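Trainee: Model the following, please.
(chains A and B)
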Amino acid sequence: MSVRVRFAPSPTGYLHVGGLRTALYNYLYARHHGGVFLLRIEDTDQTRYVEGSVEAIVSALDWAGITPDESPARPGDAGPYVQSERTELYREYAAKLLASGHAYYAFDTAEELDRMRERQKNAGIAPRYDRSVMRNSFTLGPEETERLLAEGAPAVVRMKVPISGEVKFHDEIRGTIVVPCKDVDDQILLKSDNFPTYHLANVVDDHTMNITHVIRGEEWLPSTPKHVLLYQSFGWEPPKFAHLPLLLNTDKSKLSKRQGDVAVHDYIAKGYFKEAFLNFIALLGWNPSGEREIYTLDELVREFKLENVNKSGAVFDLQKLEWMNAQYLKWFVENDHSRLVATMQEHLRERGLEWTDAYVQRVLFLIRERIHNINDAVAFALYMFAERMVDDEFHAKTWTEQSAGLLADIADLCEAIPEEEFLHTRIHEAVQEFLKARSLKFKDVANLLRLALTGISVGAGMMDTMEVLGKARSVERLRSMITYTPSATTGE
RNA sequence: GGUCCCAUCGACUAAUGGUUAGGUCACCACCCUUUCAAGGUGGCAGUACGGGUUCGAAUCCCGUUGGGAUCACCA
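Mentor: Coordinates of the predicted model:
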């Protein structure tokens, strides 16, 4: 049977980076085996639904390029796999379980359940639905149950977990897992509002959608025995399970909003490349056993194997993400810069600045090894796009008695170079000649030039910077520095 | 607390019974140098602990400890 996997988020806001990794592994697994990757929206809890989150999830997936083969966002496809649109289906299946004796009705109120849990807590035992004392088909008897139902009393359907025995299943990543039935709760399957809970909907959907592999986060491991029991009750062959290690905060707890950004959109907004981001999260919990760090999506597809997925959680380390993004940045600047130039143009427009693509590209090339993220490019080299802002501290440290004279001479010397020869090699030549005549080293004027040309102490090489800046602007900046006076400080 | 999962440098990981326990990020030093980077070279740093099994254990088994997840009419 060919592989069919699904990513099944619930629409409660945004796509979590852990969710993206789960989606990615599902996608990689499907592509690797020539299978199908599906998206299913698990929205059976109407109270938690957040407007617009389905679109947010779909757009994040789209950004990453791991688009589902069939999805609710693509009308006309085999979907729609939106659970709230299939509630009738779950009710039918709940009825089957009721009929076969694998489920029963319960009429307890929220308060009664709270009290039950309170008692259990005080007695030091695990909170679990106590079938023998609560109000349900068993304690009430068939007639009373029928009467309550006929009256329309609020009722839920609970799964009837065997008293003894054990549930056993195989996890593709963790091996055999065994849990005693006595530790499995009589989970609610159908809520009193007639909506299914996750457990029922999930099992019914995975079966009816012919899902072959359930690849999901480790947080689902504890409820998997319930699911296995449900498959058995229905007489269905369960899919294969693979529970992925969690993505962790620095303190090793489950990656959460409290300790940093967890929404994929946050990282999109920060300017990370999808290639770098995918590469990075792919390697969190999985490794193809080599010493390589950089992989394209196609390469990930080719290499991906469930058996290489790790068992233990992985800390989401921003530093490594930064490094990886910088690697991709350099590569893109040198090989495929159109997207980057477009991004920079956007940032320039926001500042009311206008430059040609060709110029923007030259600046980008100039600074490509000094930034990690394309979003930093314009701010980093703002002096290339706008008037230079002089850092007064740098000025104070750099400026000496000789500075004015040196700048005047170098400005003259630059002026003498023909426009079309204003290239870094030619400028270098001229400056060296000048320095030699004065018995000076480049070191002696480097910071002065930097001050005049960029205003700040950090940046690309001076000759290259001048070439990109152009003759006119270079000369102008050198000259205007001569008469520059630092803005008056309050002490003066 | 019950149940389940997990355990190699600070972080991500490689090594599936025999390696001086390897690589990457971060950190440190040096080189390069025109500041800052980038790059190069080197360094720091790990098999949680205790028992077994074996000629031989990071690797298999048991226990301890530690961490995590989960225990809703949420997913």
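Trainee: Make sure residue A:236 is indeed in a helix.
Mentor: No. Residue A:236 sits outside any helix when classified using DSSP: H, G, I helix; E, B strand; the rest coil, being coil.
Trainee: Around RNA strand B, which positions in the stretch 251-400 of chain A sit nearby?
Mentor: Applying Cβ under 7 Å from any atom of the strand, we find that the stretch 251-400 of chain A lies next to RNA strand B at A:251-254, A:283-287, A:289, A:291, A:293, A:308, A:310-315, A:317, A:319-320, A:322-323, A:326, A:330, A:369-370. Yep, even glycine has a C-beta here, placed from its N, CA and C like the rest.
Trainee: are any of these buried, and which?
Mentor: A:283-286, A:313-314, A:326 (16 or more other Cβ atoms under 10 Å).
Trainee: Which residue comes closest to residue A:82 once chain neighbours are left out?
Mentor: Excluding the flanking residues, the one nearest residue A:82 by Cβ to Cβ, 6 or more residues apart in numbering is residue A:41, at 4.6 Å.
Trainee: For RNA strand B, see how far away the one you found is.
Mentor: Distance of residue A:41 to RNA strand B, computed by Cβ to the nearest atom of the strand, to the nearest Å: 9 Å.
Trainee: number of nearby residues for that residue?
Mentor: Residues within reach of residue A:41, counting by other Cβ atoms under 10 Å, total 25.
Trainee: Next up, the contacts around it.
Mentor: A:8-11, A:54, A:57, A:72, A:81-84 (Cβ atoms under 8 Å, 6 or more residues apart in numbering).
Trainee: Out of these, grab the one that's most surrounded.
Mentor: Neighbour counts for the contacts of residue A:41 peak at residue A:57, which has 27 neighbours (criterion: other Cβ under 10 Å).
Trainee: can I assume that residue is in contact with residue A:8?
Mentor: No. With contacts counted by Cβ atoms under 8 Å, residue A:57 stays clear of residue A:8, the gap being 10.6 Å.
Trainee: Tell me the residues that contact both of the two, please.
Mentor: Shared contacts of residue A:57 and residue A:8, defined by Cβ under 8 Å, 6+ apart, comprise A:39, A:41.
Trainee: Pull out the buried positions in stretch A:423-430.
Mentor: For stretch A:423-430, the neighbour count (16+ other Cβ under 10 Å) marks A:426-428, A:430 as buried.
Trainee: re the thing from before, so which of the residues of the stretch 251-400 of chain A next to RNA strand B sit within strands?
Mentor: Judged by DSSP state E, strands contain the following of those: A:314-315.
Trainee: Among the residues of the stretch 251-400 of chain A next to RNA strand B, which are located in helices?
Mentor: Of those, the ones assigned to helices by DSSP state H are A:319-320, A:322-323, A:326, A:330.
Trainee: is it true that residue A:273 touches residue A:327?
Mentor: No. The pair residue A:273 / residue A:327 is not scored as a contact, 9.7 Å apart, by Cβ under 8 Å.
Trainee: Who has more neighbours out of these two?
Mentor: The neighbour count for residue A:273 versus residue A:327, taken as other Cβ under 10 Å, is higher for residue A:273 (22 against 17).
Trainee: what's around residue A:298, how many residues?
Mentor: Using other Cβ under 10 Å: residue A:298 sits among 9 other residues.
Trainee: buried set for whatever helix or strand it lives in?
Mentor: Residue A:298 is located in helix A:297-303, with elements delineated by DSSP states H and E. By 16+ other Cβ under 10 Å, the buried positions in helix A:297-303 come out as A:297, A:300-301, A:303.
Trainee: mind exporting the helix or strand where residue A:105 lies as PDB, just the C-alpha atoms?
Mentor: Using DSSP H and E, residue A:105 falls within strand A:103-106. Output of strand A:103-106 as PDB, limited to C-alpha atoms (Å, rounded to 0.1, in the frame of the first residue of the first chain):
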ATOM      1  CA  ALA A 103     -18.900   2.700  24.500                       C
ATOM      2  CA  TYR A 104     -21.600   3.900  26.900                       C
ATOM      3  CA  TYR A 105     -23.600   7.000  27.800                       C
ATOM      4  CA  ALA A 106     -22.700   9.200  30.800                       C
END
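Trainee: Could you name the helices and strands sitting against that strand?
Mentor: helix A:87-99, helix A:137-151, strand A:156-159 (3 or more Cβ pairs under 8 Å, 6 or more residues apart in numbering; DSSP states H and E).
Trainee: and the first one, how far out from the chain's middle?
Mentor: Taking Cα atoms, centre = their mean, to the nearest Å, one finds the center of helix A:87-99 at 37 Å from the center of the full chain.
Trainee: Tell me what angle it forms with helix A:137-151.
Mentor: Here helix A:87-99 runs at 140 degrees with respect to helix A:137-151, directions being taken by axes from the mean of the first three to the mean of the last three Cα atoms, to 10 degrees.
Trainee: near RNA strand B, anything from helix A:87-99?
Mentor: No. Interface with RNA strand B: helix A:87-99 contributes nothing (Cβ under 7 Å from any atom of the strand), its closest point being 10.4 Å away.
Trainee: Mind listing what's buried along that helix?
Mentor: The neighbour-count check on helix A:87-99 (16+ other Cβ under 10 Å) flags A:87, A:90-91, A:93-94, A:97-98 as buried.
Trainee: Next: the longest one.
Mentor: Buried residues in helix A:137-151, counting neighbours by 16+ other Cβ under 10 Å, are found at A:137-138, A:140, A:145, A:148.
Trainee: and it, how far out from the chain's middle?
Mentor: Offset of helix A:137-151 from its chain centre (Cα atoms, centre = their mean): 50 Å.
Trainee: same question for it, mean pLDDT?
Mentor: The pLDDT scores in helix A:137-151 average 95.
Trainee: go on, the first one?
Mentor: For helix A:87-99, mean pLDDT is 96.
Trainee: mind exporting the helix holding residue A:298 as CSV, just the C-alpha atoms?
Mentor: Taking C-alpha atoms only, helix A:297-303 is exported to CSV below (Å, rounded to 0.1, in the frame of the first residue of the first chain):
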residue,chain,number,x,y,z
LEU,A,297,14.8,20.2,0.2
ASP,A,298,15.3,17.6,-2.5
GLU,A,299,18.3,16.3,-0.7
LEU,A,300,16.3,16.1,2.5
VAL,A,301,13.6,14.1,0.6
ARG,A,302,16.2,11.7,-0.7
GLU,A,303,17.9,11.2,2.6
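Trainee: in the sheet, who's paired with residue A:215?
Mentor: According to DSSP bridges, the partner residues bridging residue A:215 are residue A:242.
Trainee: Please tell me I have it right and it contacts residue A:3.
Mentor: No. Using Cβ under 8 Å, residue A:215 is not in contact with residue A:3; the gap is 10.3 Å.
Trainee: tell me, what's touching those two both at once?
Mentor: Shared contacts of residue A:215 and residue A:3 (Cβ under 8 Å, 6+ apart): residue A:29.
Trainee: who has more neighbours, the two?
Mentor: Using other Cβ under 10 Å as the criterion, residue A:215 and residue A:3 rank with residue A:215 on top: 26 against 18.
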